[in-house]
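Asker: Let's see this in three dimensions:
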Amino acid sequence: MNKLTDSILKYRLAVMIAIISMTLFFLYQIKDIRINSDFINSLPDDDPIALEYKALSKKYRGTDMSMIILQAPDIYTPNVIADIKSITDTLRIIPGITTVTSLTNIIYIESDSLGIEVGRLIDDYDLPETPADIEFLKERISRKDMYKGSIVSEDGTATIIMFTLDGESDHQDVIKDVKSRIESMQLPHDILFGGMPVLLHDISDLILMDIRWLIPLVAIILLVILFLSFRSVRGTILPIISVAISSIWTVGVMALLNYDITLVSGNIPVVLFAVGSAYAIHVINHARAVQGRSFPEVLKSSLRYLILPVFLSSLTTVLGFVAFVFGSYLTMIKDFGIFSALGTFFSFVMAITLVPVILSWFPPKSAGNEQKAAAPGILERFALIPLKNLLFKHPRIILAFWIILLVAGFASSFTLIRNTNIAAYFKPGNATRVSENILQEKFGGSSPIYIRFAADMQDPEVLQQMRNTEEFIRKSPWVSVSTSVAGLVEELNDAMGEGRQIPEDRARIEQLWFLLDGQEVMDQLVADDLQEGIIQSRFASISSTETDIFLGELRDYTASIETDNMKISVNGMPAVYQQMDRSLVNSQMSSIAIAVVFVLILVAISLQSLRLGIFGIIPLIATIVMLFGFMGITGIPIDLATVLVASVALGIGIDYSIHVISAWNHYLNQTGNLGDAMEKTIMITGKSIFINIVAVASGFSVLLFSQIVPMQFFGLLVAISMFSSGIGSLTLLPVILIIDHKRRLKP
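Answerer: Numbers count the residues shown, from 1 in each chain. This is a model prediction of the structure:
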């Protein structure tokens with residue numbers, strides 16, 4: 001430590017030049033960073049659900065479906081129908097769009113005296129114009145269940161234009177193009193956009209919006225807190241500069257290695273501002289608190305003492321983030337762990353290089369004079385001194401209080417809920433959330449369901465089982481529409497006067513099939529070799545519990561009708577959400593277990609005591625239990641963001657325990673007196689911890705202003721965990737240390 005400290009201060013000019021050069025280099029790399037909110041690609045490449053989902057996308061001309069919602073007092077007017085056709089025609093010419101389905105081009109099957117007609121509901125070249133034409137259109141729609149609640153709302157005030165995207169195009173660019181062209185038409189109707197590609201596009205916009213204004217906001221808040229804490233320019237500016245450089249380096253490395261900013265990693269800069277400032281705060285506070293003959297001596301003494309505990313604090317935080325790499329199923333969470341860990345390490349490097357180097361060039365005005373202990377401030381008078389007295393007078397009361405909190409938290413944790421549906425990530429008033437609500441209420445939802453039948457599509461038994469499956473899923477309160485080739489065959493058979501049923505004769509089916517050949521919809525329902533087909537439907541719930549119930553019942557049903565010649569699988573967004581949901585639960589448990597083991601081993605080795613290592617993680621375990629209890633009571637779900645909280649809290653919160661135990665050992669060896677050691681620990685180290693708690697918690701609280709709901713919950717939960725772990729390290733941990741010390745002195 002002495003050699004490292006001397007080298008940093010001896011070669012301070014070279015250190016500063018190296019930092020500036022690397023910062024400029026990484027700043028240049030950031031120009032190439034991209035935002036990618038496609039969480040489906042976050043599933044591993046060998047995930048069976050993701051593999052089949054992507055295979056269906058290629059085979060059926062794109063399963064990535066989006067919708068344009070057109071709302072009007074009455075859609076059954078010539079002007080509205082003309083506008084629907086204009087939108088349909090505009091979408092058809094946009095690169096990256098494979099199919100477009102709307103009121104003006106959807107398939108229509110009917111029979112008359114001349115035979116069966118398989119055409120379109122509305123003639124492209126003869127749009128309805130007169131009242132008689134409109135009534136005729138209404139009558140045609142009323143005769144067919146496949147339109148009501150699917151393409152046209154029951155009340156006739158809304159319709160949707162559906163389009164699918166191919167797997168090769170950049171969906172972000174396609175959706176941006178779609179929105180730009182449709183909005184430029186300036187139609188006199190309420191136009192909204194929905195579907196998964198739209199959700200992902202809009203989430204990307206929200207991520208960018210958060211980055212642009214949350215980072216300056218967290219910097220401003222930290223500046224205010226640091227100024228109020230230190231009352232000096234150095235104490236205010238240096239922590240901000242150090243974490244700003246750390247953030248630039250981290251995002252620069254991401255860009256250099258071709259990593260994208262995702263829904264989760266978009267908050268890494270905010271995390272680093274909140275977490276990384278702690279290391280610089282400890283260096284500055286200790287340099288101000290230690291007395292000496294000259295400031296250079298004080299600076300060297302402080303740095304020699306602090307390098308090890310600050311390194312251990314940063315290393316435990318790094319391990320908390322690294323736990324995601326080993327314990328997470330989703331790649332976006334692993335990436336968050338990797339680069340948050342890297343950024344934390346960069347913050348430590350800045351704290352022991354940049355901060356002391358600048359302090360050595362710009363020492364306090366009192367440098368060279370004997371420093372005098374400052375009079376107790378507000379923090380000392382109203383927090384630290386009462387806390388010190390409480391620890392010695394009522395340690396058992398403190399212990400009992402924590403036990404009660406733990407029991408309550410543990411009991412409440414059993415009510416935890418989960419949610420991975422991306423629609424719930426938007427605020428209730430957001431236009432995208434409004435669109436999703438309309439799609440659920442009037443059109444059976446926007447989450448596509450695909451039930452794949454690997455069998456002969458012209459086999460009467462197979463088609464009948466497809467129809468039976470459609471009837472089964474439509475009994476669900478969350479499914480109201482479905483489409484399959486079996487339904488079209490049944491429709492044709494009815495038009496032929498044979499009744500609404502699947503013909504029992506294969507030859508009859510082949511005759512009807514001939515009428516469907518060449519229809520655009522067939523490419524979305526049947527494979528080219530006719531040995532596979534899908535039922536397309538939509539799911540209208542964002543609840544993980546309801547999704548589990550639906551998929552469980554559907555898979556049980558399909559398993560009961562499956563044969564050697566007819567294999568059935570269930571896929572689509574509900575299945576993807578379920579897969580992610582299960583992975584989050586496993587990730588939560590794995591990441592916490594790995595983080596606890598990592599931190600315990602590291603702390604035990606660094607303190608050369610397994611006993612002290614166990615003592616150090618007790619406040620953290622208590623914090624996690626109470627955190628889960630709080631989530632259970634308030635209904636905050638486990639999702640892509642909140643799943644990170646426990647391990648992040650463990651990795652960051654252990655810093656407080658390390659500093660308390662390190663200070664306790666240091667002052668106990670220095671004074672040999674229990675009371676003096678605890679008093680110095682609380683008064684000196686406790687002050688740094690209090691400042692850190694406020695700074696880190698306030699930094700994360702900035703996420704409450706995020707446009708993405710899970711980020712708001714993430715910020716709130718981490719802020720709460722910082723207060724809990726910090727207070728635990730200054731109350732529960734000292735009580736344990738005092739009781740243990742007295743017990744060991746008894747013999």
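Asker: Kindly tell me how buried Ser340 is, as a neighbour count.
Answerer: 27 (other CB atoms under 10 Å). In short, each C-beta sits where N, CA and C put it, glycine included.
Asker: Determine the set of other helices and strands touching the helix or strand that contains it.
Answerer: Per DSSP states H and E, Ser340 falls inside helix 331-352. In this structure, helix 331-352 makes packing contacts with helix 233-256, helix 268-289, helix 295-327, judged by 3 or more CB pairs under 8 Å, 6 or more residues apart in numbering; DSSP states H and E.
Asker: most tightly surrounded among these?
Answerer: The highest mean neighbour count among the helices and strands packed on helix 331-352, using mean count of other CB atoms under 10 Å, belongs to helix 268-289: a mean of 26.
Asker: if we can go back for a sec, let's have the helices and strands packed on helix 331-352 in JSON lines, adding mean pLDDT and distance to Ser706.
Answerer: What follows is the helices and strands packed on helix 331-352, written out as JSON lines (pLDDT from 0 to 100; distance: least, CB to CB, whole Å):
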{"stretch": "helix 233-256", "mean pLDDT": "91", "distance to Ser706": "17"}
{"stretch": "helix 268-289", "mean pLDDT": "80", "distance to Ser706": "9"}
{"stretch": "helix 295-327", "mean pLDDT": "80", "distance to Ser706": "20"}
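Asker: out of those, nearest to Ser484?
Answerer: helix 295-327 (40.7 Å; CB to CB).
Asker: Now do that closest one against helix 331-352, angle only.
Answerer: 170 degrees (axes from the mean of the first three to the mean of the last three CA atoms, to 10 degrees).
Asker: Stretch 676-687 - what's its average pLDDT?
Answerer: The average pLDDT within stretch 676-687 is 83.
Asker: Quick check: buried residues in that stretch?
Answerer: Neighbour-count burial for stretch 676-687 flags Ala677, Met678, Glu679, Lys680, Thr681, Ile682, Met683, Ile684, Thr685, Gly686, Lys687 (criterion: 16 or more other CB atoms under 10 Å).
Asker: Spell out which residues sit in contact with the second one, please.
Answerer: For Met678, the contact set (CB atoms under 8 Å, 6 or more residues apart in numbering) comprises Lys388, Leu391, Phe392, Trp664, Tyr667, Pro734, Leu737, Ile738.
Asker: And the fifth one, by the same measure?
Answerer: Contacts for Thr681 (CB under 8 Å, 6+ apart) come out as Val660, Ala663, Trp664, Tyr667, Pro734.
Asker: Which of those residues fall within helices?
Answerer: Of the contacts of Thr681, the ones assigned to helices by DSSP state H are Val660, Ala663, Trp664, Tyr667, Pro734.
Asker: how about the residues you listed, which pair is most distant?
Answerer: Tyr667 and Pro734 (12.1 Å).
Asker: Settle it for me: which of the two has more neighbours?
Answerer: Higher neighbour count among Tyr667 and Pro734: Pro734, with 25 against 20, using other CB under 10 Å.
Asker: Now name the helix or strand holding the closest residue to the more buried one other than its chain neighbours.
Answerer: Computed as CB to CB, 6 or more residues apart in numbering, the closest residue to Pro734 that is not its neighbour in sequence is Leu391, at 5.2 Å. Using DSSP H and E, Leu391 sits within helix 385-393.
Asker: Just the CA coordinates for that helix, please, in PDB.
Answerer: What follows is helix 385-393 as a C-alpha-only set of coordinates in PDB (Å, rounded to 0.1, in the frame of the first residue of the first chain):
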ATOM      1  CA  ILE A 385     -23.700  11.100  19.000                       C
ATOM      2  CA  PRO A 386     -27.200   9.900  19.800                       C
ATOM      3  CA  LEU A 387     -26.500   6.700  17.900                       C
ATOM      4  CA  LYS A 388     -23.200   6.100  19.800                       C
ATOM      5  CA  ASN A 389     -25.000   6.500  23.100                       C
ATOM      6  CA  LEU A 390     -27.900   4.200  22.000                       C
ATOM      7  CA  LEU A 391     -25.400   1.500  21.100                       C
ATOM      8  CA  PHE A 392     -23.900   1.400  24.600                       C
ATOM      9  CA  LYS A 393     -27.100   1.900  26.600                       C
END
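Asker: got the buried residues for it?
Answerer: Here helix 385-393 shows Leu387, Lys388, Leu391 as buried, counting by 16+ other CB under 10 Å.
Asker: again, but for stretch 94-112
Answerer: Under 16+ other CB under 10 Å, the buried positions of stretch 94-112 are 94, 96-109.
Asker: Hmm, which of these is lowest in pLDDT?
Answerer: Ile109 (78).
Asker: Report the beta-bridge partners for that residue.
Answerer: Val118 (DSSP bridges).
Asker: Then Val355 would be within a helix, right?
Answerer: Yes. Read with DSSP: H, G, I helix; E, B strand; the rest coil, Val355 is one of the residues of a helix.
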